[in-house]
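S.K.: Build me a model from this:
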Amino acid sequence: MSNLLFILFHLFFTPESKPVAERWIIDKNSVFTIEGKSNVAPFKCQTVQYLNRDTITIFRDNNPNTAFTFGGGLKVMIRWFDCEQQVMTKEMWRTLREKEKPEMKINLIQVGRFKKSGEKVLGVVEVELAGVTKRFEILFEVGNPSPNNLSFSGIRKLSFSDFRLKPPNKLAGLIKVEEDIMVKFKISLRAAG
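M.R.: As a prediction, this is how the structure comes out:
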């Protein structure tokens, strides 16, 4: 009986723990890749390095059943994408409306709880591209969860039409890119402070 009273007392009178906020800096080694196919050959557009000094805040609490929530995100300049061919690179920039909307914004919303490297957890991201914002679920692989380093890798199939865009085409339509693309990324973080 005394054990039951002890448990009930703690359930009703123990204050809830507040989430701990951890600030992380997005490392320059973060990489974003767009892979697709045309009627001629496959292509790959990739960022060489992440040049902004953005930060992300991860909110952790003691409840093992809740996902980690995030504040902040990344701003990837469209001009950072290189498709290894100048004509294709410029066509991709044009397709992604780089002149009107020069950056793609990626906000991490939440990631499932993780404890060790190599764990796969479900997460939610919000992507703003060419003036259109969409939310997507992504299966993340967690890397290096240590006090000073952390990374999230993932892959997601998207369509140009998700963002009201038309796939690139070159040479008066003789080379046409397929609607679906694969977006791969590795977001590397290091502890702030």
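S.K.: May I have the predicted confidence score for the nearest residue to Val132 once chain neighbours are set aside?
M.R.: Distance criterion CB to CB, 6 or more residues apart in numbering; nearest residue to Val132, sequence neighbours excluded, is Phe163 at 4.4 Å. For glycine as for every other residue, the C-beta is placed from the backbone atoms N, C-alpha and C. In this model, Phe163 is scored at 94, pLDDT.
S.K.: Make 50 the first number, not 1, from now on.
M.R.: That works, and once the first residue is 50, the last one we named lands at Phe212.
S.K.: which stretch of helix or strand covers the residue nearest to Asp131 when sequence neighbours are not counted?
M.R.: Closest residue to Asp131 apart from its sequence neighbours, by CB to CB, 6+ apart: Thr138 at 5.7 Å. Here Thr138 sits within helix 135-144, counting by DSSP states H and E.
S.K.: ok, back up a step: what number of residues are in the vicinity of the residue nearest to Val181?
M.R.: 20 (other CB atoms under 10 Å).
S.K.: Kindly report the same for Ala90.
M.R.: Neighbours of Ala90 under the rule other CB under 10 Å: 8.
S.K.: And the pLDDT at it?
M.R.: Ala90 is given a pLDDT of 83.
S.K.: Look up how far Lys139 lies from it.
M.R.: 17 Å (CB to CB, to the nearest Å).
S.K.: And for Ile83?
M.R.: 15 Å.
S.K.: These two - which one has more neighbours?
M.R.: Ile83 (19 against 14).
S.K.: which non-adjacent residue is nearest that one?
M.R.: Using CB to CB, 6+ apart, the nearest residue to Ile83 is Cys94, at 4.5 Å.
S.K.: Check Lys235 too.
M.R.: Ser202 (4.5 Å).
S.K.: cool, and Glu71?
M.R.: Ile107 (4.8 Å).
S.K.: Same question for Ser200.
M.R.: Gly192 (3.9 Å).
S.K.: Do you know the pLDDT at that neighbour?
M.R.: Gly192 is given a pLDDT of 89.
S.K.: Which residues are in contact with it?
M.R.: Ser166, Gly167, Leu199, Ser200, Phe201, Ser202, Lys235 (CB atoms under 8 Å, 6 or more residues apart in numbering).
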